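**Student:** can you look at this prediction? I've put the sequence above it.
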Protein chains: 4
Amino acid sequence: MVRLKFSIELAYQVADAGCDFVFNIHAAQTRQQVVVYETLGISQVLQPDIYTDAVSHNRYLRFHAAPGPLTVSYAATVDVHHYRELPDNLSEIGVLHLPGQVLPYLYPSRYCQSDRLHRLAVKEFGHLRQGYSRVQAIRDWVNQRVTFTPNSSTGTTTAVDTLIDEAGVCRDFAHLMIALCRAVNIPARFVSGIDYGADPALGPTDFHAYVEVYVGHRWYLFDPSGTAIPMGFVRFATGRDAASAAFATMFGGVSSSAPVISIEALPDDNGNLVLPEHLAEALSTAGLED
Amino acid sequence: MVRLKFSIELAYQVADAGCDFVFNIHAAQTRQQVVVYETLGISQVLQPDIYTDAVSHNRYLRFHAAPGPLTVSYAATVDVHHYRELPDNLSEIGVLHLPGQVLPYLYPSRYCQSDRLHRLAVKEFGHLRQGYSRVQAIRDWVNQRVTFTPNSSTGTTTAVDTLIDEAGVCRDFAHLMIALCRAVNIPARFVSGIDYGADPALGPTDFHAYVEVYVGHRWYLFDPSGTAIPMGFVRFATGRDAASAAFATMFGGVSSSAPVISIEALPDDNGNLVLPEHLAEALSTAGLED
Amino acid sequence: MVRLKFSIELAYQVADAGCDFVFNIHAAQTRQQVVVYETLGISQVLQPDIYTDAVSHNRYLRFHAAPGPLTVSYAATVDVHHYRELPDNLSEIGVLHLPGQVLPYLYPSRYCQSDRLHRLAVKEFGHLRQGYSRVQAIRDWVNQRVTFTPNSSTGTTTAVDTLIDEAGVCRDFAHLMIALCRAVNIPARFVSGIDYGADPALGPTDFHAYVEVYVGHRWYLFDPSGTAIPMGFVRFATGRDAASAAFATMFGGVSSSAPVISIEALPDDNGNLVLPEHLAEALSTAGLED
Amino acid sequence: MVRLKFSIELAYQVADAGCDFVFNIHAAQTRQQVVVYETLGISQVLQPDIYTDAVSHNRYLRFHAAPGPLTVSYAATVDVHHYRELPDNLSEIGVLHLPGQVLPYLYPSRYCQSDRLHRLAVKEFGHLRQGYSRVQAIRDWVNQRVTFTPNSSTGTTTAVDTLIDEAGVCRDFAHLMIALCRAVNIPARFVSGIDYGADPALGPTDFHAYVEVYVGHRWYLFDPSGTAIPMGFVRFATGRDAASAAFATMFGGVSSSAPVISIEALPDDNGNLVLPEHLAEALSTAGLED
């Protein structure tokens, strides 16, 4: 078990008409990720609403902010219990045997146009032995082909764009990997969160986007950007792509500053400190029904 | 209440490797749409699986078919209870007051790139009085701008393509209307089904795609293609766009013939025959929690 | 006749491997635009090559620059003789009667996908009386639909993007107007240059992109961005779109500063000072064979 | 020298309003390709116009056809003199040393978005030794990646689409190869014509699209589709892509049948019959100034 303590501070300047916000900045509460402490601070006096989606466990924080400055701060301590498995034990699950709620992750989505990439994906990955190792091959292909390049993409950049541009940020790596997995009928989803242990050369700690792929009857973690340590991920929201799992969506005029995020690993209640590290095993933070 | 009896016959030729199928050809069971009779026939001896999504009520029929001919036939009689409301009573619901499960329908999706259309939608519809009449204006704008043109689009055609091409089929009208609604923060979703009363000039009875928009705390029916009578719709599946609500998805080599569909209106148990007709009221076939 | 005196100063920092440059910063020499004085300065000792295209009169300045700072300055005085015509006298020329060298300007190009816009253009402009007034209607449509927005587009933004985004800079306005003209079979081309009299609210004097349309057997000036005075244009290069008429193309690693441009109107040799102003007549700076 | 005799028959049904046509079906007259005989037949009494572009040698046949059936037939005998060179002798020419009229073929065009492919092309081909062999590597890459698939593309399909779809016809192979060459600063152009010796498995003889690349101070032939024998090419038109070198462009309502084309090799005046064959040498049919 890894215990991670983190804080997020988001600062906005809301324009004259006010602005509605929808955030996904709460750590998801799952069987494998236990929130042991959390606190939310909002610098305006307002009525926040938190909706928890029963299927995804995403927590949507919504409120209306008045014109002027707004600060939203969230801090939490989470215990992440990793389910570990040997990669060789994880096979792909045929379309007929997928749990019904996994089916949506087979289909193309806004930023993951798997319907355009079927032929390419079959040519590149169709001949590989099915299973976790094939997913790993897709992850490696994306990692090698795309160069991590800050500010090279925008909020409307898609997997097809990234395939052509060969540059992007973690969100773009995730979209391309997801699209390629779905193109060979492997369910894949987008995860937003933060991570412990990011390469400091990439700049200050920021939100992170990564991938979960459904093999061996469970969702397993992948980091196609190669910038982080999967064992250090904290899950906020999952979705078919960034369109359903953005950390913040604003409906109104607003300007924002860069988020300020800090994260550290803590000892557990018995005083044992487990630090995230790269492992040979496959890791999952999802229960069988997540 | 409208009682509709229909039958669908789908014929395929499955290639040598066999093929997995996922169908959405069952009428949805909702509080407003009651399936009074149904029957499913499959010409091969196989084990079909039917998964009903708890949130959408979509019923996914899945099976593996062996090489050779395959016929799938479904027939049903459904009672559609229409909730009617005066358009003037239906206001838009702010982002903060939407039920949590409606939120996904605010966001862009594969074929409905509302994130690209915000500026255009605000210019065209931003100044209109909010409410059902604004949604109707979007529906009319799409209907007038796009020309119904068989075979003018493909399975990867998007709302942006349709906006540029100004031609399409019912699926394309639906995608463009959905994208424009979401671009001004009105939740909208894609519905696939069949309909009673389609214009026979458009060819034999076929599947239909239409739109539901969330106003006044309920999902209301819209037919941007203008080819059908909303009161004659039978709902099969809803989703963020055609990517999650296709009537058939095939994972393998297969060739298919045109579907053969027939539909008729029947008298109810008291012998009253209600025929679908164009109405001035807003219509919904969704309950408050659907 | 308008006499304009201007200077351009471009500053670069060339990376370690050196860089090849191709510039289009010389005023074109045509029958209607006479260069009475010009001077070119380059801060490195090198061998520049100037190639003048016989058909377009574009002058391509090419050289290899060594690593380190590089300044290119060009100054000139040009006499622009405007051919004026009453708009009502200018009719469209049928495809069969166009001079052969005008034909390329009928076809789609990199940033002007007229082949995608035929249906839309016919619907919007197909019913209008042919002639200069129809071109003016296209220009006005683009001007009203698109909002001038600095930094809203990139070097790969196309007319279709601008149609969807409804935002852009002068280059984007030009591309969309050109694409729509060609979509209804009116030859149109891209012009890069600078202009006297730009709206100072838009920032410091910069390069300008505008449009020439072939009606009444001559190329006439249009400014779809509405930010400038056509009578104050100085033509550098013409082409099918920005891909063939960029003011600078670099083949190698280089960083650049904002160009520093100044322009003023001078009295002619007889002491008459003509200032560019908005005119009701159609203006051309092209001879019959240009 | 190869002597080829061919005939083309095009059949149209012109709609009620009549139709303007622009054809590129005349064999180009160049120093290396001599038209020894040709004849043009048009089934309507009309006034055709033929414009020969001084730079490209393209011959544009234009006329207005009345409603009703129209047949256009062209037959010719051409002597194609191939300039041959050893691939190792052909080096790439730096931007500064290209003839001015070759510069346009460095820039992106409608269907060859080299500006989007720079990074990808550098990664794939940037490390290769410059020269003919690098161009051959690009040709082979395209040939291996894309599968020849009739009816898989349309008139608006671009190089980026083909890169994603990995399927196309000769036009699509040509566009992708051209875009990749330009992306690493090698001038490349589109050629339309017909060819002797096409693989009969691909169907009846049809128009062909291929590529010329500028290396060693001359334009050399490449056939990325791999369906033909470069030595058997007859050049009709060259251009930056299919937008400027289509064999037929129609301005009006018209339906067309498949072209009927036949081609054979003839003995020359001395009775020597040279049949096109695959050669190890580089071939050019362009003179130094073409």
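**Tutor:** Received it, and whenever you're ready, just let me know what you need. Numbers count the residues shown, from 1 in each chain, chains lettered A, B, ... in the order given.
**Student:** quote the end-to-end distance of stretch A:103-110.
**Tutor:** Start-to-end span of stretch A:103-110 (C-alpha to C-alpha, to the nearest Å) is 16 Å.
**Student:** so it, near chain B or not?
**Tutor:** Yes - judged by C-beta under 8 Å from any C-beta of the partner chain, stretch A:103-110 and chain B are in contact via A:L103, A:P104, A:Y107, A:P108, A:S109, A:R110. Heads up, the C-betas are built off the backbone N, CA and C, glycines and all.
**Student:** list the contacts for the last one?
**Tutor:** Going back to what we said before, that points to A:R110. With contact taken as C-beta atoms under 8 Å, 6 or more residues apart in numbering or on different chains, A:R110 is in contact with A:T158, A:R240, A:D241, A:A242, A:A243, B:Y107, B:P108, B:S109, B:R110, B:C112, B:Q113, B:D115.
**Student:** make CSV from these and add secondary structure and distance to D:V95 to it.
**Tutor:** Shown next, in CSV, are these (DSSP: H, G, I helix; E, B strand; the rest coil; distance: C-beta to C-beta, whole Å):
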residue, secondary structure, distance to D:V95
A:T158, coil, 32
A:R240, coil, 45
A:D241, coil, 40
A:A242, helix, 39
A:A243, helix, 42
B:Y107, coil, 45
B:P108, coil, 41
B:S109, strand, 44
B:R110, coil, 41
B:C112, strand, 44
B:Q113, coil, 38
B:D115, helix, 38
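**Student:** same for the strand ranked longest in chain A, what does it pack against?
**Tutor:** In chain A, ranked by residue count with DSSP state E as the criterion, the top strand is strand A:2-23. In terms of contacts (3 or more C-beta pairs under 8 Å, 6 or more residues apart in numbering or on different chains; DSSP states H and E), strand A:2-23 is packed against strand A:59-65, strand A:68-80, strand A:248-256, strand A:260-266.
**Student:** parallel or antiparallel, which strands does the third one pair with?
**Tutor:** When sheet partners are counted by DSSP bridges, strand A:248-256 sits next to strand A:2-23 (antiparallel).
**Student:** tilt between the strand it pairs with and strand A:260-266?
**Tutor:** With axes from the mean of the first three to the mean of the last three C-alpha atoms, to 10 degrees as the basis, strand A:2-23 and strand A:260-266 are set at 150 degrees to each other.
**Student:** how near is A:L90 to A:V215?
**Tutor:** The gap separating A:L90 from A:V215 is 4 Å, by C-beta to C-beta, to the nearest Å.
**Student:** and those two? Which one has more around it.
**Tutor:** Taking other C-beta atoms under 10 Å in any protein chain shown, A:L90 and A:V215 do not tie; A:V215 has more neighbours (26 against 21).
**Student:** surely that one touches A:I93?
**Tutor:** Yes - under the criterion of C-beta atoms under 8 Å, A:V215 makes contact with A:I93 at 6.9 Å.
**Student:** residues touching the nearest residue to A:Y12 once chain neighbours are set aside, list them.
**Tutor:** Closest residue in space to A:Y12, ignoring its immediate chain neighbours: A:L70 at 4.4 Å, by C-beta to C-beta, 6 or more residues apart in numbering or on different chains. A:L70 makes contacts with A:A11, A:Y12, A:Q13, A:V14, A:I42, A:S43, A:Q44, as judged by C-beta under 8 Å, 6+ apart.
**Student:** check contacts around the fifth one.
**Tutor:** The neighbourhood of A:I42, defined by C-beta under 8 Å, 6+ apart, consists of A:P48, A:F63, A:L70, A:T71, A:V72, A:S73.
**Student:** identify the contacts common to A:L90 and A:V215.
**Tutor:** A:G131, A:Y132, A:A282.
**Student:** these two touch, right, the second one and A:A282?
**Tutor:** So the one you mean is A:Y132. Yes - here A:Y132 reaches A:A282: they are 5.8 Å apart, a contact under C-beta under 8 Å.
**Student:** give me the more crowded residue out of these two.
**Tutor:** More neighbours surround A:A282 than the other of A:Y132 and A:A282, with 25 against 22 (other C-beta under 10 Å).
**Student:** look up how far chain B lies from the more buried one.
**Tutor:** 24 Å (C-beta to the nearest C-beta, to the nearest Å).
**Student:** ok, what's across the strand from that residue?
**Tutor:** The partner residues for A:A282, given DSSP bridges, come to A:E85.
**Student:** list the contacts for it?
**Tutor:** So A:A282 contacts A:R84, A:E85, A:L86, A:P87, A:L90, A:Y132, A:V215, A:G216, A:Y220, A:L221 (C-beta under 8 Å, 6+ apart).
**Student:** in the stretch 101-250 of chain A, which residue sits nearest chain C?
**Tutor:** Nearest residue of the stretch 101-250 of chain A to chain C, counting by C-beta to the nearest C-beta: A:T154, 9.3 Å away.
**Student:** phi, psi of that residue?
**Tutor:** phi -130, psi -180 (degrees, to the nearest 10).
**Student:** quick revisit: among the residues of stretch A:103-110 next to chain B, name the buried ones.
**Tutor:** A:L103, A:P104, A:Y107, A:P108, A:S109, A:R110 (16 or more other C-beta atoms under 10 Å in any protein chain shown).
**Student:** mind checking pLDDT for the second one?
**Tutor:** When you say that, I think you mean A:P104. Looking at A:P104, its pLDDT stands at 94.
**Student:** could you verify that it is part of a helix?
**Tutor:** Yes - assessed by DSSP: H, G, I helix; E, B strand; the rest coil, A:P104 belongs to a helix.
**Student:** these two touch, right, it and B:T249?
**Tutor:** No - A:P104 lies out of contact with B:T249 (C-beta under 8 Å); the separation is 11.7 Å.
**Student:** lowest-confidence helix or strand of chain A?
**Tutor:** Counting by mean pLDDT, DSSP states H and E, chain A has its least confident helix or strand at strand A:248-256, which shows a mean of 93.
**Student:** what angle separates it from strand A:68-80?
**Tutor:** Using the same axes, to 10 degrees: strand A:248-256 against strand A:68-80 is 140 degrees.
**Student:** let's see strand A:248-256 as PDB, backbone CA atoms only.
**Tutor:** Extracted C-alpha coordinates of strand A:248-256, given in PDB (Å, rounded to 0.1, in the frame of the first residue of the first chain):
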ATOM      1  CA  ALA A 248     -12.000  21.600 -14.700                       C
ATOM      2  CA  THR A 249     -14.700  22.800 -17.100                       C
ATOM      3  CA  MET A 250     -15.800  26.400 -17.100                       C
ATOM      4  CA  PHE A 251     -19.000  27.700 -18.400                       C
ATOM      5  CA  GLY A 252     -18.400  31.500 -18.500                       C
ATOM      6  CA  GLY A 253     -15.600  34.000 -18.800                       C
ATOM      7  CA  VAL A 254     -12.600  33.200 -16.600                       C
ATOM      8  CA  SER A 255      -8.800  33.400 -16.600                       C
ATOM      9  CA  SER A 256      -6.700  31.000 -14.700                       C
END
